[in-house]
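1. fold the following.
(2 chains)
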Amino acid sequence: MDALIESRDTVNRWMERFGVRFGVYKNGVFNEQLFPFDSIPRIISADDWVVLEKGLVQRVNALNKFLYDVYHDKYIIKDGIIPSEFVYSSKGYMPECEGITPTHNVYAHIAGIDLVQAKDGQWFILEDNLRIPSGASYPMIARMITRKVSPQTFQNNAVVDNRNYNKLLGDMMEYMNDDRGISVILTPGRYNSAFFEHSYLAEKTGSILAFPGDLTVENDMVYYTDLDRERHRVGCIYRRVSDEYLDPLVFEPSSLLGVPNLMQAYRKGNVAIVNALGNGVADDKGIYYFVPKMIKYYLHEEPILHNAPTYLPYYKEDYDYILANIEKLVIKDVSEAGGYGVVFGRDLTPKKLAELKQLIIDEPRHWIAQEVIDFKDLEILEGNDRVERKADLRAFVISGNGTKVWQSGLTRFSRNPNSFVVNSSQGGGFKDTWVMEQVQQQ
Amino acid sequence: MKKYFYNYQTITRFDIPVIKHFFLLRCMPCVNACQQGSHKELFLHPSDSVIYGADSWGNPIQYGHKLDSHDSFTFVSSGEARILPYCIPNEKNTDMFKVASPLTEPSEAIKEFARIHKKGKNDVDTALNYANELYSYLCYMPGSTHTRTTAKEAFDLKQGVCQDYAHILLALCREARLTARYANGFLVGIGMTHAWIEVLDDGKWYGIDPTNNKFIEYGYIKIAHGRDADDCPVNRGIFTGAATQQTEIRVIVEEI
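-> Reported below is the predicted structural model:
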């Protein structure tokens, strides 16, 4: 493994040549930056993985059932498990999706579930990403490169081969396509923060990379026009365009990234959209609190993986607790993502703390609070020194014909020693994630 | 029962020809327990195809495209509507109309307005009280707002058109925990489309027109409802071309 660790700079140079980049908008200016790779892998034992895998499949199955329910019969609301206003006032709830049944009833085809491991080894779910979770391409290409740069590392260590993500994704898209036509990956274009990933996944899955304008809807069917101006029926769109830009006749009217009348083709069941529209209602930070309840409600099982201890100011008891303990909690704006809108009570001046309290008092539905988890730090190389930094794990769960967890994931770390926020949009780096093979019993 | 003839025309002219024009219209009357239509017709020109469907709220939609170059787009929706006094049985899944929507978020001032004006003996009564107070608070002023003006903005301006009256009244009703929704359609005599609200009371939706400060019985032909105006625009279109457009609208509704 030392050989691999020493190869860090070589791997990063390769990645630069492959264009492994991450775009960041700051103050309205678009900058592409490299996503720094750290060569010390995160290692997950086979025993740990068994639990994670079961827990993730369980969670995503419940989330898929919730999404179907919330856009159809709403039993979970009628039975009083989730208060209706949490659903209807969620920014991610899209009434335009009411009554629409996506192909094979699947909503969260690609779920990016963020976890952290505490010092005692226990895993906690930080958040669910069910809209357009990005990041799988980075560990994919990092593994490809590290295998080339240091092949002996993978002979000497029993690491599960993770070069099957393209197959997991491709099989799911084929299942969703239902023999209706071709499958495409729809990208907003090269100024999107994850454009590298869109093109890489298209290449790896053998899908067509479609740009806005390549797709048209006629008579409730979606067509792709190729470079020879030939039209092909489209059966599955893995879209990397947000819901609100997807159809300018239904959502944001100024969107140039969308496909007019796509929503009608979707409503008629003539195309699968991956991930489904309206998923934001299930990965809302306010709904997160209810996911363990969903697991019990829909699956009649005890949750295998736990949420970070979370308080909802909506409930009186939690409200009082938050206001009394705000300086030791982390407060999150339910409508923000990507590490934005996250504040640690202990970092605030008394004045700022009072302001935050007032915001919570004014709009309790807008906030959640969590206990700060004592993360198990991971070693990274800072120059030539090994230092410890906060890290999380984004696991990728694919739902198509069954629910499968990719035996790898994106481990992101914070380069700032004082920061708990690991999002790549906040300038962190990433590691490979090794899931170890089960040792054969002799 | 009363019978009305309606004719709704929209002509959009482009100063230079456009291509790849896609449209989605809500220009034909809803069908419900107190509104039935007959002789319904839709004339569209130019258009490659038109599909008749419904959106998630059950509103009739008409959508399609014209791909080749054209410099105008006309649609005419006409027919007869038979109307009973406005009272629509509740449909399923209408709890979404209890909470604020993007265009009807209440400001502190709206919340205060809702607090100080007294509630009525039932939900319709409460909404009528608010409508009455709002009628003296707001000044009807064409051109003072635009299609995406929020309730907050119009309330601060103290001006607006029918859409703004409806949005503010919705914000007030929802603040008072009523279930209320936006409705639009044609009104006898005014020559343009109109917006009002519906309030749910004891399992039935009643119509209130805040712009005219009245409880609706007859004379309103409904084409759509939603949480606010953004959910049910009459006419949405997108095309390719650097054209500027001018739209002429004419609505005729007459009792027959």
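
2. avg pLDDT for the stretch of helix or strand A:Ala369 belongs to?
-> Mapping A:Ala369 onto the secondary structure by DSSP states H and E places it in strand A:367-371. When pLDDT is averaged along strand A:367-371, the result is 91.

3. show me what it packs onto, helices and strands only.
-> Strand A:367-371 is packed against helix A:285-288, strand A:310-311, strand A:329-333, with contacts defined by 3 or more CB pairs under 8 Å, 6 or more residues apart in numbering or on different chains; DSSP states H and E. The way it works is simple: take the backbone N, C-alpha and C, and place the C-beta from them, glycine included.

4. quick one: is the first one near chain B?
-> No: contact of helix A:285-288 with chain B is not found when judged by CB under 8 Å from any CB of the partner chain; the minimum separation is 12.8 Å.

5. that helix - contacts with which helices or strands?
-> Other helices and strands packing on helix A:285-288, by 3+ CB pairs under 8 Å, 6+ apart, are helix A:84-88, strand A:123-129, strand A:367-371.

6. likewise the last one?
-> Applying 3+ CB pairs under 8 Å, 6+ apart, one finds that strand A:329-333 contacts strand A:342-344, strand A:367-371.

7. again with the shortest one
-> Using 3+ CB pairs under 8 Å, 6+ apart, the elements in contact with strand A:310-311 are helix A:316-325, strand A:367-371.

8. contact residues of chain A facing chain B?
-> Listed as neighbours of chain B in chain A under the rule CB under 8 Å from any CB: A:74, A:77, A:84-85, A:88-89, A:93, A:95-100, A:216-220, A:248-250, A:253, A:260-261, A:264, A:267.

9. centre of the chain to the strand holding A:Ala369, how far?
-> Strand A:367-371 sits 20 Å away from the centroid of its parent chain (CA atoms, centre = their mean, to the nearest Å).

10. list phi and psi for A:Met144.
-> According to degrees, to the nearest 10, the main-chain angles of A:Met144 amount to phi -60, psi -50.

11. residue contacts, it?
-> Residues touching A:Met144, when contacts are defined by CB atoms under 8 Å, 6 or more residues apart in numbering or on different chains, comprise A:Arg163.

12. strands along the stretch 151-256 of chain B, start to end?
-> The residue ranges that make up the strands of the stretch 151-256 of chain B, judged by DSSP state E, counting those that start in this stretch, are B:159-160, B:180-187, B:193-201, B:204-209, B:214-215, B:220-226, B:235-240, B:245-255.

13. I'd like the helices and strands packed on helix A:285-288 written out as a markdown table, with mean neighbour count added.
-> Conversion of the helices and strands packed on helix A:285-288 to a markdown table gives the following (neighbours: other CB atoms under 10 Å in any protein chain shown):
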| stretch | mean neighbour count |
| --- | --- |
| helix A:84-88 | 20 |
| strand A:123-129 | 21 |
| strand A:367-371 | 22 |
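
14. can you put the ones you listed in TSV and add distance to A:Ala46?
-> TSV is the format used below for the helices and strands packed on helix A:285-288 (distance: least, CB to CB, whole Å):
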stretch	distance to A:Ala46
helix A:84-88	38
strand A:123-129	15
strand A:367-371	30
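
15. closest to B:Ile238 out of the ones you listed?
-> Shortest separation from B:Ile238 across these is recorded for helix A:84-88, at 28.6 Å, computed as CB to CB.

16. quick one: contacts of the closest one?
-> Judged by CB under 8 Å, 6+ apart, the contacts made with helix A:84-88 from elsewhere in the structure are A:70, A:74, A:77, A:93, A:281, A:284, A:286-287, A:290, A:314, A:365, B:95-96, B:98-99.

17. centre of the chain to it, how far?
-> On CA atoms, centre = their mean, the centre of helix A:84-88 falls 23 Å from that of its chain.

18. could you give the angle of the helix or strand just after it to strand A:123-129?
-> Reading on from helix A:84-88 to the C-terminus, the next helix or strand found by DSSP H and E is strand A:110-117. Relative orientation of strand A:110-117 versus strand A:123-129 (axes from the mean of the first three to the mean of the last three CA atoms, to 10 degrees): 150 degrees.

19. what does strand A:110-117 rub up against?
-> The list of residues contacting strand A:110-117 from outside it, by CB under 8 Å, 6+ apart, reads A:52, A:56, A:59-60, A:63, A:123-130, A:133-136, A:169, A:172, A:238, A:274-275, A:305, A:308, A:373, A:375-376, A:391-399, A:410.

20. from these, which land in strands?
-> A:123-129, A:238, A:274, A:391-399, A:410 (DSSP state E).

21. show me what the one helix or strand B:His65 maps to is packed against.
-> Applying DSSP H and E as the criterion places B:His65 in strand B:60-66. Based on contacts counted as 3+ CB pairs under 8 Å, 6+ apart, the elements that strand B:60-66 packs against are strand B:2-25, strand B:35-45, strand B:49-54.

22. what is the rounded mean pLDDT of the shortest one?
-> The pLDDT scores in strand B:49-54 average 95.

23. buried sites along that strand?
-> By 16 or more other CB atoms under 10 Å in any protein chain shown, the buried positions in strand B:49-54 come out as B:Ile51.

24. quick one: that strand near chain A?
-> Yes: Strand B:49-54 reaches chain A (CB under 8 Å from any CB) through B:49, B:51, B:53.

25. what's the helix or strand for A:Lys293?
-> With DSSP H and E as criterion, A:Lys293 is part of helix A:291-294.

26. perfect, I'm done here.
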